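*Asks:* Need the 3D shape of this:
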Amino acid sequence: MGSEIQVVEQSFVAPSTPTPRNGLWVSSLDLAKARGGHTPLVYFFRRSNDDDDFLDLSRLKESMAKALVAFYPLAGRAGVDGDGRIQIDCNSEGALFVVARSKLSIDDLMPFPELRGSMMFVPRVEPSSVLLAVQVTFMKCGGVALGTAFHHLAVDASGDFHFMQTWSAFSRDGDGAAVELPCHDRTLLRARSPPIVHPDALSVLYSPEMIKNTSEPSGGAAAIAASIFVISNDQLASLKRVCGGASTFRALSALVWQCACAAWRLPPDAEARISFSVNARRRGSMIPVRYMGNGALMVYATGVARDIASGALEHVASRIRTTINRVDDELVRSAIDYHHELLESGFQPKRAFMGDAEMRVVSWLGMPMYDADFGWGKPMRVSRAGSVHRGYMHLVRDGPDADSAIRVMACLEAAHMKEFERLISAKLEGGLYHAKL
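*Replies:* Prediction:
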């Protein structure tokens, strides 16, 4: 982990009361996302007072044990059933809990911890079958970095933040915490028999087949540059007006797609593509809001490069809106059936590297990522950790307040980043504060 971090304790936290012990069947959407492994996040908390009990590790473990009763699959392990199909073994072996100390202060990492080694605050997950791991790192300044790693087989972002809300509520309020129970019935997303893929579904459904022939740039990590832009509320309001009153997600996605297409200098008639997730919990009626599992579909929009790079932003945003509006129960069913057929055929998806005319937007806007108040107050910053990949854009709130600015983390080839930065700044009329990797 490096000289800045010293691990002082490692243990497993099991549910505080007996939970179901069984093999939990997982859907084709879970299996499609499982190759992504663990999602690394870090919550940064400043010391809220001068008391020695600012953070009581015993209380933190006890509250996690209580939360794992409702979220018992997270205390299990990735396994296989009798037919060799991946499942979750609900065996209550527990979540990994790591305690560490750091020579760094929180201010050493700010304002952009994504670019300054935040992965050191996320636990190394061993064995890899562990579905949830956390690391509490005591910082030199007295603050705390809480790193989490949720396996994508078990949850998507919605389930991740639901668990964090529940765990922190037990820590803050004890047994009086209000708990919204998760739904564990993944058969709600079982494929139909026989599977049926609507003919129009593939025009918006991002398939693993789309990435099977793509590869990482020959320059590897050295060919990639990362830059973080902080967009103020005033800039965002102006951008949304230019986009015809589009939502925050559509406006920001249209902006980065257009600027990236222009920076790439694609042939005018080339097809440009943008992909992103749409939460099926809020589009249709197949699964409840508190469904625990992967309930988001990866979809995409396309356009001719000249239209995306130089057309009106309102029209670019409307292409994204059209794709989002097509996500309904039938499209979700077709997606499940399509992934089921791929897996049955023996298709093995490869790691997703974006092509030369493609970007992916990962948005946690609207997610309750700052609701993790363990009794010390809300985190001052929640940061994605880990490596960056070409063509990815991450959208997150810059702080716990509803009117906080928005951080956009852009990852492009280094040769294109300077022009991308210039175009972004020009679109937002300058004054944009950003940092580079």
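*Asks:* Which of the helices or strands spans the closest residue to Pro379 other than its chain neighbours?
*Replies:* Leaving aside its sequence neighbours, Pro379 sits nearest to Tyr43 (Cβ to Cβ, 6 or more residues apart in numbering; 4.2 Å). (C-beta placed from N, C-alpha, C; glycine too.) Here Tyr43, judged by DSSP states H and E, is contained in strand 38-45.
*Asks:* which helices and strands sit right next to that strand?
*Replies:* Contacts defined by 3 or more Cβ pairs under 8 Å, 6 or more residues apart in numbering; DSSP states H and E place strand 38-45 against strand 144-151, helix 157-173, strand 381-384.
*Asks:* what's the closest of those to Leu252?
*Replies:* strand 381-384 (16.0 Å; Cβ to Cβ).
*Asks:* partners of the closest one, with directions?
*Replies:* If you go by DSSP bridges, strand 381-384 pairs up with strand 38-45 (antiparallel).
*Asks:* ok, which stretches of the stretch 201-350 of the chain are helices?
*Replies:* 233-242, 248-264, 305-310, 313-325, 329-344 (DSSP state H, counting those that start in this stretch).
*Asks:* how about the helices of the stretch 51-200 of the chain, start to end?
*Replies:* 57-70, 157-173.
*Asks:* Which one of these lies nearest to Leu255?
*Replies:* Nearest of the helices of the stretch 51-200 of the chain (Cβ to Cβ): helix 157-173, 21.9 Å.
*Asks:* What are the contacting residues of the closest one?
*Replies:* 39, 41, 59-60, 62-64, 66-67, 70-71, 74, 132, 148, 150, 155, 177-180, 182, 279, 281, 290-293, 295-296, 364, 367-369, 371-375 (Cβ atoms under 8 Å, 6 or more residues apart in numbering).
*Asks:* Just the buried residues of it, please?
*Replies:* Neighbour-count burial for helix 157-173, counted by 16 or more other Cβ atoms under 10 Å, picks out 157-172.
*Asks:* Just the closest of these to Gly23, please.
*Replies:* Looking across those and measuring by Cβ to Cβ, the closest to Gly23 is Gly159, at 18.9 Å.
*Asks:* from memory Glu271 sits against Arg306, does it?
*Replies:* No: when contacts are counted by Cβ atoms under 8 Å, Glu271 is not listed as touching Arg306 (11.1 Å).
*Asks:* Now Ser118. Nearest residue, chain neighbours left out?
*Replies:* Leaving aside its sequence neighbours, Ser118 is closest to Ala385 (4.2 Å, by Cβ to Cβ, 6+ apart).
*Asks:* so what pLDDT did the one you found get?
*Replies:* pLDDT, Ala385: 89.
*Asks:* State the phi and psi torsions of it.
*Replies:* Dihedral angles of Ala385 (phi, psi; degrees, to the nearest 10) stand at phi -110, psi 170.
*Asks:* Could you pull up the mean pLDDT of stretch 232-242?
*Replies:* 93.
*Asks:* distance between it and the chain's centre?
*Replies:* On the basis of Cα atoms, centre = their mean, to the nearest Å, the separation between the geometric centre of stretch 232-242 and that of its chain is 24 Å.
*Asks:* List the buried residues for it?
*Replies:* Buried, per 16+ other Cβ under 10 Å, within stretch 232-242: Ser232, Gln235, Leu236, Leu239, Lys240, Val242.
*Asks:* Contacts for it next, please.
*Replies:* Contacts for stretch 232-242 (Cβ under 8 Å, 6+ apart): 231, 246-248, 251-252, 255, 313-314, 403, 405-406, 427-429, 432.
*Asks:* got it, and stretch 72-82?
*Replies:* Contacts for stretch 72-82 (Cβ under 8 Å, 6+ apart): 13-15, 19-20, 23-25, 34, 68, 86-95, 127-132, 150-151, 153-155, 163, 184, 292.
*Asks:* right, and Leu423 touches Trp264 too?
*Replies:* No: using Cβ under 8 Å, Leu423 and Trp264 do not qualify as a contacting pair, with a distance of 10.9 Å.
*Asks:* So between the two, which is more surrounded?
*Replies:* For Leu423 versus Trp264, neighbours defined as other Cβ atoms under 10 Å are more numerous around Trp264 (23 against 19).
*Asks:* Apart from its chain neighbours, what residue comes closest to the more buried one?
*Replies:* Trp264 sits nearest to His416 (Cβ to Cβ, 6+ apart), 6.0 Å away.
*Asks:* for that neighbour, what are its contacts?
*Replies:* Neighbours of His416 in contact, by Cβ under 8 Å, 6+ apart: Ala260, Ala263, Trp264.
*Asks:* how about the residues you listed in JSON lines, adding pLDDT and distance to Val197?
*Replies:* As requested, the contacts of His416 are exported to JSON lines (pLDDT from 0 to 100; distance: Cβ to Cβ, whole Å):
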{"residue": "Ala260", "pLDDT": "95", "distance to Val197": "30"}
{"residue": "Ala263", "pLDDT": "95", "distance to Val197": "35"}
{"residue": "Trp264", "pLDDT": "94", "distance to Val197": "32"}
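*Asks:* so can I have TSV of those showing distance to Val144?
*Replies:* Below are the contacts of His416 laid out as TSV (distance: Cβ to Cβ, whole Å):
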residue	distance to Val144
Ala260	36
Ala263	39
Trp264	41
